[in-house]
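**Student:** the following comprises the amino acid sequence and a computationally predicted model.
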Amino acid sequence: MLGSRHPAPLRSHVVLSLAAALALAAGCGGDDDGGGDQEQPDAALDFVDGAVEVCTDFAALDLGALDPIPGQAARQAANPAPPDDNPDAKTLTLQGTAANGQTPDVISIELWDGYGTFEGTDAATGTYEIAGDDTAVSSCGICIYIYSNATLVDGMIVDSEKNYIATGGTLTVDSIELNFTGSASDLTFTEIDQTSVMGSPLEGGCTTGVPSASFAAPIQVE
């Protein structure tokens, strides 16, 4: 299920309980992987009793405004898992950069005919709150992702350290004809639970946010 809805490999990163305790104050949590016996300290934080994965290593807690989203490109394709009542369903995806670097954080805004907000219908213009079915990978019709420390080949994500799904905020879609244009505000993201069949947010997982974003890109039809 996750594979059919998620273009990048999902990699499970377990965070030690020590990191969870420290991260609570910074809005970032994790789980104990039983790795306290490791002898190598984390070089950046100099923890002496275990190597620690810190959420801010994978995406800043606040990625900042993306007005407009850098490097954006949009494409429309057939829905690879169309609902029974909508065999001609399509997907519309805009991808851009949320943070620069050799392995950047990538943002992806996706509209899926027949799912989530668009259950029983096709994607349309309007202003939408991110909630409910739109916060899980396998059910979202409005799917907004952050892929942290992503590796891209020919513009396609082939790997990433952590993957996040939007769990709050507002998306305004102004056009889905010829150009995909719109804006977003107050987006909050939570790490995706790799063990969830639905691809739901991970309780206590890493978090990040985008206070505002805007986009306008010609649609390439595949």
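**Tutor:** That came through fine.
**Student:** contacts and neighbour counts: CA atoms only from here.
**Tutor:** Will do.
**Student:** residue ranges for the strands of the chain, please.
**Tutor:** Secondary structure of the chain, counting by DSSP state E: strands at 73-78, 90-99, 105-112, 126-129, 142-148, 151-153, 156-159, 162-175, 179-191, 207-221.
**Student:** centre of the chain versus the longest one, how much separation?
**Tutor:** Using CA atoms, centre = their mean, to the nearest Å, we find the averaged C-alpha position of strand 207-221 to lie 12 Å away from the chain's own average C-alpha position.
**Student:** what's in contact with it?
**Tutor:** Residues outside strand 207-221 that contact it (CA atoms under 8 Å, 6 or more residues apart in numbering) are 27-28, 55, 59-69, 72-77, 94, 164, 177-191.
**Student:** any idea how far the spatially most central residue of the chain lies from residue 167?
**Tutor:** With distances taken as CA atoms, centre = their mean, residue 145 lies nearest the centre of the chain, 1.9 Å away. According to CA to CA, to the nearest Å, residue 145 stands 10 Å off from residue 167.
**Student:** tell me, please, the helix or strand in this protein that averages the lowest pLDDT.
**Tutor:** When each helix and strand of the chain is scored by mean pLDDT, DSSP states H and E, helix 17-24 comes last, with a mean of 27.
**Student:** and for the closest residue to residue 78 other than its chain neighbours, the neighbour number?
**Tutor:** Nearest non-adjacent residue to residue 78, counting by CA to CA, 6 or more residues apart in numbering: residue 90, 4.4 Å away. Residues near residue 90, counting by other CA atoms under 10 Å, number 19.
**Student:** between the strands of the chain, which one is nearest to residue 120?
**Tutor:** Residue 120 lies closest to strand 105-112 among the strands of the chain, at 11.1 Å (CA to CA).
**Student:** the closest one pairs with which strands, parallel or anti?
**Tutor:** strand 90-99 (antiparallel), strand 142-148 (antiparallel) (DSSP bridges).
**Student:** using JSON lines, lay out those together with distance to residue 173 and mean pLDDT.
**Tutor:** JSON lines is the format used below for those (distance: least, CA to CA, whole Å; pLDDT from 0 to 100):
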{"stretch": "strand 90-99", "distance to residue 173": "11", "mean pLDDT": "95"}
{"stretch": "strand 142-148", "distance to residue 173": "10", "mean pLDDT": "96"}
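**Student:** of all those, which one comes closest to residue 115?
**Tutor:** strand 142-148 (8.1 Å).
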